[in-house]
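Test case, fold it:
(chains A and B)
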2 protein chains.
Amino acid sequence: MTKYAILGFGTVGGGLAEVMADQKEKLAAAAGEELELGYILVRRDMPDSPWRDKLVKDFSVIENDPDVTVVAEVIGGVGDAYDYSRRALMAGKSVVSSNKELVATHGLELAALAREHGVSYLFEGSVGGGIPLLRPLSRCLAANRIDEVYGILNGTTNYILTAMDAQGQDFAEALKKAQELGYAEADPTADVEGIDACRKTAILADMSFGCNLDPAAIPTTGITAVAAADLALARRLGYTVKLLGRARRTDDGCLAFVQPHLIPLSHTLASVNDVMNACAIRGSAVGEVVLCGPGAGRHPTASAVAADIADAVRHRADPMVPDLGAPGGVLAPESALASPWYVRTAASPEQVREAFPGAEPVCAGQESAFITESMDRPTLEARAAALEPLSVWRVLA
Amino acid sequence: MTKYAILGFGTVGGGLAEVMADQKEKLAAAAGEELELGYILVRRDMPDSPWRDKLVKDFSVIENDPDVTVVAEVIGGVGDAYDYSRRALMAGKSVVSSNKELVATHGLELAALAREHGVSYLFEGSVGGGIPLLRPLSRCLAANRIDEVYGILNGTTNYILTAMDAQGQDFAEALKKAQELGYAEADPTADVEGIDACRKTAILADMSFGCNLDPAAIPTTGITAVAAADLALARRLGYTVKLLGRARRTDDGCLAFVQPHLIPLSHTLASVNDVMNACAIRGSAVGEVVLCGPGAGRHPTASAVAADIADAVRHRADPMVPDLGAPGGVLAPESALASPWYVRTAASPEQVREAFPGAEPVCAGQESAFITESMDRPTLEARAAALEPLSVWRVLA
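All right, here's what the predicted structure looks like:
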């Protein structure tokens, strides 16, 4: 028997306590021993909580209890979460986390601390929520040189784009609806500006290519400039629009960026709708695999964190710390990556064909849209300049 | 440093030797020590093989070498593969395998032998080829009661159905083409009759529901009776046709069967074409995840087997043996599972509407097809009898 503690008692923390209780026996079998909830760290008074006997406000109670061998950090952010994670690792406790901001910005330091103190540091829930993703990437695909990872990594923006596509809503309208349903926060910036997807892309790139990226250096474009007209015209061209985080191996480092993309309707990612997430992984032996599922939410994220708790306990004698690469890899410029492009313009079809011979524009009122051949961004911008484009988005090819 | 042996030097065995050499460093990191190829067991003389120094014909050489701690069985079938697996386990060596026939029929006995001798028995490559599937099911989703697994588990039949759908070919024509391309064997029975998918379904059910099934008891219908007309009419109704293996938890055991299904075109599985496979897993905490990728092939399958070798070495002190359930669980009758149905008939639309009020048949020549409400099979058969159906297939709902 060993004890674990939950830091933070919001959506994921509450879900984690429920899931750990619901699947107690199965988790004990996976861990190799009984798992007992020791403490839940929460600031609020919760005298009516069924977990009231476990609630503590002072992290040092957890830090100083030698029976606690695993700490689940589900606070979020890089304040207390960072401080407590460091202290837990230094106290010789494994840390598991669903906190993408913390893993993307301080994961390398925390992983080093874990190695130094002979404990595990796992964060399956930080990317893709409940989708088995980081363990498949690092363990199941260990026989592969990973060449590319890309996917739909944020549920809020996917919900908004799905609504814009299915119901013809514009961005503001779809966002408002998402907020009413609890799929978007009151301040939606981190989601709609692509910041959340950027952090997850950084973690995937760190684990795949050996370069530890600063998320702030990853070119990131959110979905606020995607227009209802783009969704409508894209569909007529045989595509839908998804926000993709992408990272790709290069000769001396990697390339990583977050941007809205047109996705062919026949592509598996085009069927990933609403708050679902999906990630494609391209490996040297396996080819391409795509892993889909709920990218966030109370119980899906708790499912990932709970499995990490069981794995950390199972591997107490042989700790698990995923390789997050090393700083110093070259982040190649996004602009150099050639791809087809979607261009929406108010220019005439004749002007379009003059700039892009062979283009087959579809028209809606005064506007038209078309897909170009594959080219890098500077070439595209030079050739499209005369058309004064209203939208330019990459096409996943 | 530890030694491993490869039993069998066909497609997967050759691919395995290549992948292990190609990713030697990464696999050593995953395993925690260097992995050295000790032997390849092969009957043929191969004097020109780059691996000729490693080739042996007598299994007892491997069995009696104490430096060999892991044996990869990629022979296939239940003859030598079964004998050598038993002997390797009894000699205290971990066994990893991509052999679905062996795992489905003797896996329980081999798992017990592995536990008895304190070694690992892993078979990630036996279901879904290169797709990370069994490890996510048993480890990443350890916090879930698994309620259902279903998927496209055979690449040959998926290639044939994709060709029938995309090119309007009939079954015989598509099979011939698949054989020419090497996607179907000269004797295609095990694939097209659903036997291969049935074995994989049995393994998934064994691991998910705690009942160890006899594959021979699982109702299995292959694709030989799927007509080109079914694909064409299904598409007009908004569906495509896929061969699914399905298994579902019941109160006292499980339900499992293999049948062609109509899949809504918007479903993720509908985008899984050609030789790709995909498996959906429904869990109590996570909801539904779908894992897609190459379900067979030289390097994808080798990718899974190589990861198992690394994991078996990593866990020498703490062996990994997935739980394959226990005999005695009740296999519920497939006929009791209610679902919508697809019916193709030469009866008139009036006769259709008389038997199924509210049905909206689509017509092609003298025939028509429609989708029913949800009902069990006996009800469907009673109501459809007067229409003398030409095809009846389940609809995935």
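
So in that sheet, which strands flank the helix or strand bottoming out on mean pLDDT in chain A, and in what orientation?
Lowest by mean pLDDT, DSSP states H and E among the helices and strands of chain A is strand A:330-331, with a mean of 90. Neighbouring strands of strand A:330-331 in its sheet, by DSSP bridges, are strand A:253-264 (parallel).

Check which element follows the strand it pairs with along the chain.
strand A:276-283 (DSSP states H and E).

Against which helices or strands is the first helix or strand past that following strand going along the chain packed?
Sequence-wise, the next helix or strand downstream of strand A:276-283 (DSSP H and E) is strand A:287-294. On a contact count with 3 or more CB pairs under 8 Å, 6 or more residues apart in numbering or on different chains; DSSP states H and E, strand A:287-294 meets strand A:276-283, strand B:287-294. Using the backbone N, CA and C atoms, a C-beta is placed for each residue, glycine as well.

Export the first one to PDB, keeping only CA atoms.
So that's strand A:276-283. What follows is strand A:276-283, C-alpha atoms only, in PDB (Å, rounded to 0.1, in the frame of the first residue of the first chain):
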ATOM      1  CA  MET A 276     -12.500  15.900 -29.600                       C
ATOM      2  CA  ASN A 277      -8.800  16.000 -30.200                       C
ATOM      3  CA  ALA A 278      -6.500  13.900 -32.400                       C
ATOM      4  CA  CYS A 279      -2.800  13.600 -33.000                       C
ATOM      5  CA  ALA A 280      -1.000  12.000 -35.900                       C
ATOM      6  CA  ILE A 281       2.500  10.600 -35.300                       C
ATOM      7  CA  ARG A 282       4.800   9.600 -38.300                       C
ATOM      8  CA  GLY A 283       7.500   7.200 -37.400                       C
END
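
Remind me what it packs against, helices and strands.
On a contact count with 3+ CB pairs under 8 Å, 6+ apart, strand A:276-283 meets strand A:146-152, helix A:155-167, strand A:287-294.

neighbours of A:Pro264, just the number please.
The number of residues packed near A:Pro264 is 15, by other CB atoms under 10 Å in any protein chain shown.

how near is it to A:Gly238?
Distance, A:Pro264 to A:Gly238, by CB to CB, to the nearest Å: 6 Å.

again, but for A:Val321
44 Å.

Tell me which of those two has more neighbours.
A count of neighbours by other CB under 10 Å puts A:Val321 above the other of A:Val321 and A:Gly238, at 18 against 14.

C-terminal to the strand or helix carrying A:Lys176, what's the next element?
Secondary-structure element containing A:Lys176, defined by DSSP H and E: helix A:171-180. The element immediately downstream of helix A:171-180 (helix or strand, assigned by DSSP H and E) is helix A:189-192.

ok, and what's touching that next one?
Helix A:189-192 is contacted from outside by A:Asn154, A:Thr156, A:Thr157, A:Ile160, A:Leu175, A:Ala184, A:Glu185, A:Ile195, A:Asp196, A:Gly222, A:Ile223, A:Thr224, using CB atoms under 8 Å, 6 or more residues apart in numbering or on different chains.

so what secondary structure elements neighbour the helix or strand containing A:Leu110?
Here A:Leu110, judged by DSSP H and E, is contained in helix A:100-116. Contacts defined by 3+ CB pairs under 8 Å, 6+ apart place helix A:100-116 against helix A:80-90, strand A:94-97, strand A:121-122, helix A:195-209.

and A:Asn154, what pLDDT?
pLDDT, A:Asn154: 98.

Tell me if I'm right that it and A:Val275 touch.
No: A:Asn154 lies out of contact with A:Val275 (CB atoms under 8 Å); the separation is 9.1 Å.

Between these two, tell me which one has more neighbours.
Using other CB under 10 Å as the criterion, A:Asn154 and A:Val275 rank with A:Asn154 on top: 30 against 22.

Give me every residue in the stretch 101-250 of chain A lying close to chain B.
Counting by CB under 8 Å from any CB of the partner chain, the positions of the stretch 101-250 of chain A adjacent to chain B are A:124, A:130-132, A:135-136, A:138-145.

try it again with 6 Å
Residues of the stretch 101-250 of chain A lying close to chain B by CB under 6 Å from any CB of the partner chain are A:Gly130, A:Ile131, A:Pro132, A:Arg135, A:Pro136, A:Cys140, A:Ala142, A:Ala143, A:Asn144.

Show me which pair in those is furthest apart.
Largest separation among those by CB to CB: A:Gly130 and A:Ala143, giving 25.3 Å.

Any buried residues in the helix holding A:Lys176, and which?
Neighbour counts over helix A:171-180 (16 or more other CB atoms under 10 Å in any protein chain shown) mark A:Phe171, A:Ala174, A:Leu175, A:Lys177, A:Ala178, A:Gln179 as buried.

of those, closest to B:Gly365?
For those, the minimum distance to B:Gly365 (CB to CB) is 44.0 Å, reached by A:Ala174.

isn't the closest one right up against A:Ala163?
Yes: counting by CB atoms under 6 Å, A:Ala163 is a contact partner of A:Ala174 at 4.2 Å.

Can you tell me the element the residue of chain A most remote from its centre falls in?
The C-alpha centroid of chain A is most remote from A:Glu350, which lies 41.5 Å away (CA atoms, centre = their mean). Using DSSP H and E, A:Glu350 falls within helix A:349-355.

Please point out which parts of that helix sit buried.
By neighbour count on 16+ other CB under 10 Å, the buried set for helix A:349-355 is A:Gln351, A:Val352, A:Ala355.

Kindly report the same for stretch A:73-81.
Of the residues in stretch A:73-81, A:Glu73, A:Val74, A:Ile75, A:Gly76, A:Asp80, A:Ala81 count as buried by neighbour count, 16+ other CB under 10 Å.

hmm, which two among those residues are most spread apart?
Taking CB to CB, no two of these sit farther apart than A:Val74 and A:Asp80, at 11.6 Å.

who does the helix or strand where A:Glu36 lies pair up with?
Following DSSP H and E, one finds A:Glu36 within strand A:35-41. Looking at strand A:35-41 with DSSP bridges, its partner strands are strand A:2-7 (parallel), strand A:55-56 (parallel).

In a markdown table, list the ones you listed along with distance to A:Gly325 and mean neighbour count.
As requested, the strands paired with strand A:35-41 are exported to a markdown table (distance: least, CB to CB, whole Å; neighbours: other CB atoms under 10 Å in any protein chain shown):
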| stretch | distance to A:Gly325 | mean neighbour count |
| --- | --- | --- |
| strand A:2-7 | 26 | 24 |
| strand A:55-56 | 36 | 16 |
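
For B:Gly295, which of those is the nearest?
Closest approach to B:Gly295 among these is made by strand A:2-7 (37.1 Å; CB to CB).

pull the CA atoms of the next helix or strand after the closest one into PDB?
Of the helices and strands lying after strand A:2-7 in sequence (DSSP H and E), the nearest is helix A:11-22. Extracted in PDB, the C-alpha atoms of helix A:11-22 (Å, rounded to 0.1, in the frame of the first residue of the first chain):
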ATOM      1  CA  THR A  11     -12.500  20.000 -12.400                       C
ATOM      2  CA  VAL A  12      -9.600  17.600 -13.000                       C
ATOM      3  CA  GLY A  13      -8.800  17.200  -9.200                       C
ATOM      4  CA  GLY A  14     -12.400  16.300  -8.400                       C
ATOM      5  CA  GLY A  15     -12.600  13.900 -11.400                       C
ATOM      6  CA  LEU A  16      -9.400  12.300 -10.300                       C
ATOM      7  CA  ALA A  17     -10.600  11.600  -6.800                       C
ATOM      8  CA  GLU A  18     -13.700  10.000  -8.300                       C
ATOM      9  CA  VAL A  19     -11.900   7.900 -10.900                       C
ATOM     10  CA  MET A  20      -9.300   6.700  -8.400                       C
ATOM     11  CA  ALA A  21     -12.200   5.600  -6.100                       C
ATOM     12  CA  ASP A  22     -14.300   4.100  -8.900                       C
END
